[in-house]
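A.B. asks: give me a 3D structure for the following:
(2 chains)
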Amino acid sequence: MRYLTDRKRAVGKGSAHSGAEHHWYMMVSSVALAFLVPTFLIIFGRALGSGYENALATFERPFPAILAGLTLFVGMQHFHKGARVMLEDYTSGSTRKLLIMLVVGLSYALTAAGIFGIAKIAL
Amino acid sequence: MAEETRIERPLSPFMIGPYYRPQLTSMSSILTRITGNALIVGTLLMVWWFLALAAGPEYFETAEWWITSWVGNLIMFGSLWAIWYHYLAGLRHLVFDSGKGLDIKTAEKLGWACIYGSVALTVATVIIFWI
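C.D. replies: Numbers count the residues shown, from 1 in each chain, chains lettered A, B, ... in the order given. As a prediction, this is how the structure comes out:
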């Protein structure tokens, strides 16, 4: 009899060699986004189309600025991990690898660009 | 000996269409994937909007003209519905993951809840935006 727990035996197994970590991250980030998205949507939606002065006045305040940055970061992490599942379902080989890299790169680029913009507005 | 034979590994077949007739459960599931991935377009516009706001009033006007043009509006309102659909369908996935709601009757009810709920939430948020 091996003195290993079921969990320990499962670590590193499965096609992704990372157990259920990916799925668990999707669950954690989706619960986080369930709180972030509605609040952010209302603030962003009201600022959009309200003119330069109003938009600036909204995102100069700390709460909208922090909320926008956080929603963008968590949203983009959730996006590239979710998009990866789609790519793994429909593509294979080098195409799959390149597309996953492209999606991860795009997500980080958008996060960085967005946070730069928000920081510049708020600071 | 060390030479490995390259194997074309099969992808899991796409089930809807050739093997399964479209059903509410499968359609509402694939729509979760479509809306989630399509949201990258709205996110691109949103990040552009933030960068334009940081760049100053002149550039901001150009960006906001595009984002609130009819094409921009179509994308932004489409994204608003997509985000609410993905939101409700995501909550449904959390319910499914906890092992509940998996019988056909409940699953179909939850599917309709996502469809009608996303439309209702879209209308509600648009009203909030304009008050």
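A.B. asks: tell me the contacts of the residue nearest in space to the middle of chain B?
C.D. replies: Nearest residue to the geometric centre of chain B (Cα atoms, centre = their mean): B:Thr35, 1.8 Å. When the contact criterion is Cβ atoms under 8 Å, 6 or more residues apart in numbering or on different chains, the partners of B:Thr35 are B:Ala82, B:Ile83, B:Tyr85, B:His86, B:Ala89. Any C-beta I mention is one placed from the backbone N, CA and C, and that applies to glycine too.
A.B. asks: also A:Leu106?
C.D. replies: Listed by Cβ under 8 Å, 6+ apart, the contact set of A:Leu106 reads A:His80, B:Ile40.
A.B. asks: assign it to helix, strand or coil.
C.D. replies: At A:Leu106, secondary structure determined by DSSP: H, G, I helix; E, B strand; the rest coil is helix.
A.B. asks: which SSE is the residue lying closest to the residue nearest to the centre of chain B once chain neighbours are set aside in?
C.D. replies: Nearest residue to B:Thr35, sequence neighbours excluded (Cβ to Cβ, 6 or more residues apart in numbering or on different chains): B:Ala82, at 3.9 Å. Element membership for B:Ala82 (DSSP states H and E) is helix B:70-97.
A.B. asks: ok so, going back, right, and the residue nearest to B:Thr35 touches B:Ala38 too?
C.D. replies: Yes. With contact defined as Cβ atoms under 8 Å, B:Ala82 reaches B:Ala38; the gap is 5.6 Å.
A.B. asks: more crowded one of the two?
C.D. replies: Between B:Ala82 and B:Ala38, B:Ala82 has the larger neighbour count (other Cβ atoms under 10 Å in any protein chain shown), namely 22 against 16.
A.B. asks: roughly how far apart are the more buried one and chain A?
C.D. replies: Computed as Cβ to the nearest Cβ, to the nearest Å, the B:Ala82 to chain A distance reads 12 Å.
A.B. asks: one more: B:Glu58?
C.D. replies: 9 Å.
A.B. asks: ok but that residue is inside a helix, no?
C.D. replies: Yes. The assignment for B:Glu58 by three-state DSSP puts it in a helix.
A.B. asks: tell me the pLDDT of it.
C.D. replies: We have a pLDDT of 93 for B:Glu58.
A.B. asks: dihedrals phi and psi, B:Ile16?
C.D. replies: The phi/psi pair for B:Ile16 (degrees, to the nearest 10) reads phi -70, psi 130.
A.B. asks: ok, which stretches of the chain are helices?
C.D. replies: As the question left the chain open, I've gone with chain A. Assignment of helices within chain A using DSSP state H yields the ranges A:6-10, A:21-47, A:52-60, A:62-90, A:93-122.
A.B. asks: nope, chain B
C.D. replies: B:24-55, B:57-67, B:70-97, B:104-130.
A.B. asks: right, and those helices - which one's nearest A:Leu4?
C.D. replies: helix B:70-97 (25.9 Å; Cβ to Cβ).
A.B. asks: ok, the closest residue to B:Ile16 other than its chain neighbours to A:Leu87 distance?
C.D. replies: Spatial nearest neighbour of B:Ile16, chain neighbours left out: B:Ser26 (5.4 Å); criterion: Cβ to Cβ, 6+ apart. According to Cβ to Cβ, to the nearest Å, B:Ser26 and A:Leu87 sit 20 Å apart.
A.B. asks: neighbour count winner among those two?
C.D. replies: A:Leu87 (20 against 14).
A.B. asks: any idea of the pLDDT on the more buried one?
C.D. replies: Listed pLDDT for A:Leu87 reads 93.
A.B. asks: quick one: it and A:Ile100 touch, right?
C.D. replies: Yes. Using Cβ under 8 Å, A:Leu87 makes contact with A:Ile100 at a distance of 5.6 Å.
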